[in-house]
Every structure is written in structure tokens, then in C-alpha cells.
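A.B. asks: just the structure for this:
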Amino acid sequence: MFHSTFTIRRTVFAVMATMTLSLGSAASSAVQAQTITAVMQASLRSLDPIITTTEIVRDYGYMIYDTLLALDAKNKVQPQMAEKWSVSPDGKTYTFTLRDGLKWHDGTPVTADDCVASIQRFATQDKLGQVMTNLMSDMKVVDAKTFTMTFKYPTDIALRALSRPSNLVPFMMPKRVALTPPSQPIKETIGSGPFRFVNSEYRPGVQAVFEKFKDYVPRSEPASGLAGGKVVKVDRVKWVTMSDPMTAVNALLNNEIDFIEDVPGDLVPMLEHNPEITLQEHKERGSQNVARLNFTLPPFNNKLIRQAALRAIDQEAVLQAQVGNPKYYRVCASLYGCDSPYATTVDSDKFVKGDPVKAAAMLKAAKYDGTPVIILHQTDQPTSTAVVPVYAQALRKAGFVVQMQDMDWQTVTVRRASKEPVSKGGWNMFSTMSSLSALADPVGSQTIAANGAGAWYGWPDVPEIEALRMKMARSGNLAEQKKIAVQIQQLAIDNVVVVPMGERSPVMATRKDVVTNLSAPAPVFWDMTKSGK
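C.D. replies: The predicted model follows:
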């Protein structure tokens with residue numbers, strides 16, 4: 001009897017142990033199935049989305065922060081953290097009311113005080129925010145959930161600025177964080193968004209980890225663009241850095257990662273016919289290649305020499321080197337993007353088709369003295385690395401002396417802020433990609449603003465452009481705004497405020513068990529599912 005009981009118990013224990021191991025394995029699989037491991041287009045090294053225009057920091061911002069307003073898939077302004085807003089009969093005062101259930105990641109409630117401080121910090125750095133501040137006469141807190149913004153003229157600038165989808169984005173932060181001077185990076189990563197940043201697992205330039213914020217209360221409307229209900233369907237998202245794109249593609253094929261945000265064009269064919277991989281082109285995340293010239297240093301402090309540089313470079317050649325497949329790029333003659341409501345082709349004969357012979361004649365007429373052009377060349381971003389040699393070769397054909405200086409993108413972002421002479425770490429030219437959603441409105445476009453020391457890197461100083469931007473901000477008439485946009489482009493091309501080099505669309509690759517149906521101007525993870533199969 002004793003033997004039988006012992007045998008039975010031993011058998012039961014064995015079965016329970018087997019079940020425990022099985023359940024443990026299943027639980028482990030379930031956890032793994034709820035983690036999306038992604039390779040983004042750049043590594044995350046900065047955690048303050050208000051003091052840098054780099055898109056990876058913007059993308060990080062959308063993970064942990066939220067916005068008062070947002071644009072839906074039809075680019076219509078919708079309430080997000082705001083429950084509602086109202087406008088006074090004279091069109092000058094906007095009243096915003098926060099919705100219920102908003103909490104910071106530390107458990108404290110979101111207040112109107114927090115929002116006012118966040119708007120103030122954002123507006124010191126963002127071009128659209130700066131215009132908004134110039135038009136605003138007052139912003140004040142009414143109560144814990146309500147604040148007002150009053151303007152000198154009837155204008156919808158508040159709605160345009162507070163729903164801005166791309167660099168810079170008006171993310172809301174706790175007041176104590178938002179009071180950090182814009183000259184200093186913030187020291188806390190406390191947001192109220194759908195994910196919480198896991199500081200303990202952050203390795204700058206290596207990995208960033210986000211966890212579902214369980215106290216986040218999504219809006220009731222379906223997700224649309226960057227608006228609506230941000231319903232998180234996974235437990236964790238991990239961004240890992242793989243600077244070599246082939247390594248990332250192999251990791252995706254081997255089921256070691258789930259997601260590549262932007263597959264280089266020459267590697268897309270490796271994935272196109274694989275049944276385990278889903279490819280999606282995202283036109284709404286499209287970008288414009290831009291080269292920026294430094295107005296403060298020779299030789300580009302000379303307008304005629306800037307014009308020669310603009311005339312030398314060919315958009316098609318740049319896009320071929322960068323993308324290759326015309327399916328994923330477009331030559332474009334508009335500084336605002338070809339799908340912008342303000343798109344125009346005015347003066348396209350001066351910059352779309354490169355003409356090194358004409359550029360050489362212009363350079364000779366400008367009495368160029370052979371001052372070297374120092375171009376910053378990022379070597380760790382596959383979608384940008386191939387562009388700079390094309391610029392350099394085009395400029396050399398026109399007669400410029402060119403020096404490319406190789407460095408990683410993080411070094412570029414630091415060095416481009418330098419106003420020192422070249423001998424002390426300055427520069428003459430750098431290249432980047434600007435989100436089309438950030439360029440679509442001339443009033444807020446960082447590449448169009450030309451207010452000298454207050455402008456984006458390169459610091460163009462064209463008062464006529466600034467006067468037109470303010471005029472456009474005050475106008476409520478679309479036809480008038482379009483006319484102003486044409487005038488702005490003419491001035492921007494004539495002064496070579498920016499060198500536009502065509503548009504491209506990113507191709508996102510995922511394992512087939514990762515599904516997202518949301519199209520937005522930024523890569524977002526709150527609607528993604530992972531089946532674990």
C-alpha cells in the first residue's frame with residue numbers, strides 16, 4: 001500500500017513537473033510573442049525630443065509622450081489629450097480642456113500647468129512654435145484641466161502648431177521637466193503616452209526598451225494617423241542597433257528580430273519574395289533629401305557661389321545612388337513636398353536637373369577662389385551614406401574644391417551646430433533627410449525659416465522670407481496662402497536657403513506574424529500585434 005501511494009505521488013509529481021515546465025515554456029513563449037524587436041533607421045542617443053530635430057528622437061517621443069492635438073489620416077486636426085477646444089467669436093482666443101484619465105508615468109495627474117509649460121518650451125525651439133509665440137498675446141491656466149491661448153489676430157496657428165506631426169513635435173511633459181531651459185537636455189523620461197521608457201535597460205546607441213503603460217487610457221475613437229485610440233497590443237518593444245543593413249536583413253530572415261523600419265533599396269529584392277516577410281512602402285513617412293549650406297563661412301557666405309552649388313547637383317543622380325528603384329523615389333520641384341497643399345514648381349529650372357557646365361560658368365563669374373568645401377559625411381546611415389559622394393562629385397565637376405569628412409551621424413548632429421571656422425571644427429555643407437510632414441507647411445518648415453541666428457543649421461538670413469512666413473500665418477485664406485508659398489519658394493531658391501534633392505519612401509519589413517494596419521507620418525507601435533507563430 002505504501003509502495004502504491006509513493007508510486008502514485010511520484011507519478012503525480014512527475015506529471016506536475018512536466019506541466020510546470022510546459023507551462024513555463026508556454027509562458028516564456030507568450031512573453032516573447034508580446035515583445036517586438038525592431039531595428040530603426042538610426043540609433044537612439046538623445047532623450048530630449050524638443051532640442052533636436054533628428055527623427056529617431058521624434059519617434060522615441062511618440063512612444064512615451066502624448067500630444068494635445070493630432071492629425072488623423074486625412075490630415076484633419078483632432079483632439080488627443082484635449083477633450084475639446086473652443087474658439088471665441090473674434091477668432092483670437094482658444095480654450096483647451098483636458099480629458100479625464102490622463103496620468104504621467106509616475107502616477108500623478110496631467111494638469112493644465114504641465115501643458116502650458118510644455119508648450120512654452122516647445123515654442124522656443126520649433127519654427128511653427130516661434131511664429132505662434134510672435135502672434136500670441138497671452139497664455140494662461142484657468143483651472144486644473146483648462147487653459148487659454150489668446151492671439152493678436154484671428155488665426156488658427158494654435159491648431160496647426162499643437163497638431164504638428166514632425167520635428168519638432170509639441171509633446172506634453174510634467175511642468176518640472178518642461179521648465180528645463182532649452183539649452184539643457186531634460187533629465188527625466190516621464191511622459192503620459194502609451195509606452196513607458198525602461199531606463200534600466202537603456203544603452204545609448206545600442207538598445208532602447210519600452211513597456212506598455214498599463215494606466216494609459218486610450219481615446220475611444222479608432223486610431224487614424226496619429227490621432228484616435230492608441231491601443232497597445234504588445235507588452236514590450238525593444239529597439240536594437242544594427243549599423244550594418246545586411247546584418248539586420250539576415251537577423252530578420254533568421255527570426256532574430258521582427259521589424260526593420262527602413263530597408264535600403266539594394267536589399268529589398270532579398271525580401272520581396274520571401275513568404276515569411278511582409279514589405280510595406282510608407283509614402284506618408286516619405287522624406288525629402290536636403291543639403292544645407294553654411295551661410296556664415298566662406299565660400300557659401302557668397303550668394304552667387306551658393307547658386308552655383310545648387311545648379312551643379314542633379315536630383316535623379318542623387319536618388320539613383322540612394323534608392324536605385326524608381327518605385328520608391330520621386331524627383332520633386334517643390335520645397336514643401338509634391339503632395340503638400342502648397343506644392344509649387346516655380347523656378348524648378350534652377351535646381352532639379354543638374355548642369356555642371358552652367359554651374360562652372362556661374363562659379364567663375366562669382367570669382368571663386370578655391371576655398372575648400374568641407375562636407376560632413378555620415379557613414380552609419382545606409383539611406384544617407386550614398387548621397388554625399390554624389391554631391392561631392394557634382395561640385396567637383398563644377399570646379400569646387402571638396403573635402404568629405406567621414407563620421408557617424410551622432411557626430412554630424414553635434415558638429416553641424418558649430419559656428420566656428422572650419423579650422424576649429426566648423427563646416428560648409430551637410431546632408432540629411434527631412435520628413436515631408438515637417439516640410440508641408442512653409443510657416444513651420446525648418447528648412448525654409450531664414451531668421452539668421454534663430455534659423456536651422458546653416459543660419460540663412462533672409463528677412464523677406466520671414467515677413468512672408470508671418471503673413472502666411474496670419475492669413476486664413478488658402479488661395480492667398482498658396483500665393484505666398486510661391487513667393488517664399490522663389491526667395492528660398494534664389495538665396496539657396498536649402499538644396500532640395502528629391503523624395504523617397506521608406507520600405508518597412510516585418511515578420512509575417514507582426515501586423516500593423518496604421519499609416520502615420522511616424523513609425524508607431526501602439527497598433528501592432530504579434531501572433532507568436
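A.B. asks: what residue lies at the spatial centre of this protein?
C.D. replies: Note on the chain: the residue nearest the mean C-alpha position is residue 55, at 3.1 Å, using Cα atoms, centre = their mean.
A.B. asks: tell me, how many residues neighbour the nearest residue to that residue once chain neighbours are set aside?
C.D. replies: In this structure, residue 55 finds its nearest non-sequential neighbour in residue 435, 6.2 Å apart by Cβ to Cβ, 6 or more residues apart in numbering. C-betas here are computed from N, CA, C, even on glycine. Neighbours of residue 435 under the rule other Cβ atoms under 10 Å: 21.
A.B. asks: from residue 164, how far out is residue 435?
C.D. replies: 11 Å (Cβ to Cβ, to the nearest Å).
A.B. asks: how about the residue nearest to residue 55, phi and psi?
C.D. replies: The phi/psi pair for residue 435 (degrees, to the nearest 10) reads phi -60, psi 130.
A.B. asks: likewise residue 362?
C.D. replies: Torsion angles, degrees, to the nearest 10, at residue 362: phi -60, psi -40.
A.B. asks: so how far is residue 297 from it?
C.D. replies: For residue 362, the distance to residue 297 - Cβ to Cβ - is 20 Å.
A.B. asks: so for those two, which sits in the more crowded spot?
C.D. replies: residue 362 (22 against 19).
A.B. asks: excluding its backbone neighbours, what's nearest the more buried one?
C.D. replies: In space, residue 362 is closest to residue 308, 3.9 Å off (Cβ to Cβ, 6+ apart).
A.B. asks: which SSE is the one you found in?
C.D. replies: Assigned by DSSP states H and E, residue 308 belongs to helix 303-312.
A.B. asks: what lies in contact with that helix?
C.D. replies: Identification of contacts with helix 303-312 by Cβ atoms under 8 Å, 6 or more residues apart in numbering yields 293, 295, 299-300, 350-351, 354-356, 358-360, 362-363, 365-366, 368, 373, 394-395, 397-398, 400, 429, 493-496, 499.
A.B. asks: quick one: buried residues of it?
C.D. replies: 305-312 (16 or more other Cβ atoms under 10 Å).
A.B. asks: in three-state terms, label residue 267 for me.
C.D. replies: helix (DSSP: H, G, I helix; E, B strand; the rest coil).
A.B. asks: which residues touch it?
C.D. replies: 245-246, 249.
A.B. asks: tell me where the stretch 251-400 of the chain has helices.
C.D. replies: 268-271, 303-312, 315-322, 356-365, 382-385, 387-398 (DSSP state H, counting those that start in this stretch).
A.B. asks: tell me which of those lies nearest to residue 518.
C.D. replies: helix 268-271 (21.1 Å; Cβ to Cβ).
A.B. asks: let's see that closest one as CSV, backbone CA atoms only.
C.D. replies: Extracted in CSV, the C-alpha atoms of helix 268-271 (Å, rounded to 0.1, in the frame of the first residue of the first chain):
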residue,chain,number,x,y,z
VAL,A,268,14.7,45.0,-50.9
PRO,A,269,15.0,42.2,-53.6
MET,A,270,16.3,39.8,-50.9
LEU,A,271,13.0,40.1,-49.1
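A.B. asks: sorry, back to before: by mean pLDDT, show me the worst of the helices of the stretch 251-400 of the chain.
C.D. replies: Among the helices of the stretch 251-400 of the chain, helix 382-385 has the lowest mean pLDDT, at a mean of 83.
A.B. asks: the residue nearest to residue 55 and residue 359: what is the separation?
C.D. replies: Distance from residue 435 to residue 359, by Cβ to Cβ: 29 Å.
A.B. asks: same question for residue 370.
C.D. replies: 15 Å.
A.B. asks: neighbour count for these two, which is higher?
C.D. replies: residue 359 (23 against 8).
A.B. asks: next, the contact list for the more buried one, please.
C.D. replies: With Cβ under 8 Å, 6+ apart, residue 359 has these contacts: 308-309, 311-312, 394, 397-399.
A.B. asks: which of these sits closest to residue 342?
C.D. replies: Checking the contacts of residue 359 one by one against residue 342 (Cβ to Cβ), the nearest turns out to be residue 311, at 24.0 Å.
A.B. asks: skipping adjacent residues, who's closest to the closest one in space?
C.D. replies: residue 359 (4.2 Å).
A.B. asks: where in the protein is pLDDT low?
C.D. replies: Counting by pLDDT under 70, the low-confidence segments of the chain come to 1-33, 532-533.
A.B. asks: contact partners of the helix or strand where residue 473 lies?
C.D. replies: Assignment of secondary structure by DSSP H and E places residue 473 within helix 463-474. Residues from elsewhere that reach helix 463-474 (Cβ under 8 Å, 6+ apart): 131-132, 134-135, 153, 155, 157, 442-443, 448-451, 481, 484-485, 487-488, 491-492, 495, 497.
A.B. asks: give the buried residues for that helix.
C.D. replies: For helix 463-474, the neighbour count (16+ other Cβ under 10 Å) marks 465-466, 468-469, 472-474 as buried.
A.B. asks: off-centre distance for it?
C.D. replies: Put simply, helix 463-474 sits 25 Å off its chain's centre (Cα atoms, centre = their mean, to the nearest Å).
A.B. asks: right, and the helix or strand after that helix?
C.D. replies: Helix 463-474 is succeeded, C-terminally, by helix 478-495 (DSSP H and E).
A.B. asks: buried residues in that next one, which are they?
C.D. replies: The neighbour-count check on helix 478-495 (16+ other Cβ under 10 Å) flags 481, 483-495 as buried.
A.B. asks: what's the closest of these to residue 83?
C.D. replies: residue 481 (29.5 Å).
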